[in-house]
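S.K.: everything below, folded, please.
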Amino acid sequence: MRATRFKPRPRNGSKGKAFLPKETTEHHRKLTNAAPTPATGDDIYNAAVAEMKDTLARQGRDQDRDRRRFGELVDKVGKAYGEDKVGKLAEDVGLAASTLRRYRHVTERAKEIETKCALGARFLKYSAVRELLTHPDPAAVERAFKANPALTKKEAQQMMRPVRREQKRSVPYRRKEIKKTLDAIAAAAKTAARLKLVSVPADYALLKELLPEGFAAKLRKGIDGLRRSKEIIEHLDNHIAARRPTAATMKQPRAPA
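M.R.: I've put the predicted structure just below:
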């Protein structure tokens with residue numbers, strides 16, 4: 001006897017197609033069209049830590065690409081958790097928080113240039129973008145990258161040389177450098193004031209053992225520099241004191257107009 005193949009009985013004029021309940025069809029459609037489950041903050045953070053640790057362990061030769069990737073990961077973590085989580089990320093991967101924020105800042109600037117210049121899939125070098133980050137003319141930087149997307153760090157440094165020469169002549173730069181020098185002089189003077197180099201005869205042997213070659217010449221040069229700085233500072237201090245109003249001058253009544 002020949003076996004007959006079972007065919008589901010068509011319903012509702014379905015032209016021989018198997019009938020499925022409406023609930024089953026809707027459920028199947030929901031499953032096939034469902035969007036993937038979005039990643040949570042924990043997933044983003046843990047994946048970033050794992051990837052960054054793996055990159056640091058490999059110590060790849062393409063540091064430009066690695067630092068750009070770090071900048072992208074820091075940006076994701078910051079958006080998912082807030083800026084405070086960047087410090088925790090830095091602690092977990094063994095880098096400074098300021099370093100991670102710099103990676104993010106340079107990466108954002110690189111993406112901005114790539115978008116404005118319509119570079120497509122061409123990626124700018126992280127080191128070149130960082131060198132030109134403080135350039136006073138962003139439009140000139142964008143033109144340079146548009147003309148040569150493969151701009152190197154050395155070429156970027158050549159672009160920055162005249163800019164840095166001008167910056168060193170500016171008043172804000174000189175003010176910052178003089179402030180730094182004064183702080184260093186004050187710290188050296190404070191250290192020298194409480195220094196007891198040789199307190200017992202046995203210290204001479206230790207001093208002879210520890211004294212590096214050429215130290216006396218460096219010390220002499222440093223003392224000469226401190227002496228010149230002392231003369232300048234004393235002159236300015238006397239000049240400021242002479243212009244400062246005293247109690248007697250402050251009590252004098254104003255002359256009638």
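S.K.: all contacts plus neighbour counts: C-alpha atoms, from now on.
M.R.: OK.
S.K.: where in this protein is pLDDT low?
M.R.: 1-41, 60-61, 195, 197-199, 244-257 (pLDDT under 70).
S.K.: hmm, 90 instead?
M.R.: 1-44, 57-63, 80-84, 117-123, 164-257 (pLDDT under 90).
S.K.: quick one, phi/psi of the residue sitting nearest the centre point of it?
M.R.: Centroid check for the chain by CA atoms, centre = their mean gives Arg102 as the closest residue, at 1.4 Å. Dihedral pair for Arg102: phi -70, psi -40, per degrees, to the nearest 10.
S.K.: show me what contacts it?
M.R.: Neighbour list for Arg102: Gly71 [criterion: CA atoms under 8 Å, 6 or more residues apart in numbering].
S.K.: so how far is Ala50 from it?
M.R.: Per CA to CA, to the nearest Å, Arg102 is found 20 Å from Ala50.
S.K.: do Arg161 as well
M.R.: Going from Arg161 to Ala50 by CA to CA gives 39 Å.
S.K.: same check on Leu219?
M.R.: According to CA to CA, Leu219 and Ala50 sit 49 Å apart.
S.K.: neighbours around Thr99, how many?
M.R.: Applying other CA atoms under 10 Å, we find 13 residues neighbouring Thr99.
S.K.: could you do the one 10 residues further on as well?
M.R.: With neighbours defined by other CA under 10 Å, the count for Arg109 comes to 15.
S.K.: quick one, helices of this structure?
M.R.: For the chain, applying DSSP state H gives helices covering 22-33, 41-58, 63-81, 84-93, 97-116, 126-131, 138-147, 153-169, 171-193, 202-210, 215-243, 247-251.
S.K.: which neighbouring elements make contact with the second one?
M.R.: For helix 41-58, the contact count by 3 or more CA pairs under 8 Å, 6 or more residues apart in numbering; DSSP states H and E identifies helix 63-81, helix 84-93 as packing neighbours.
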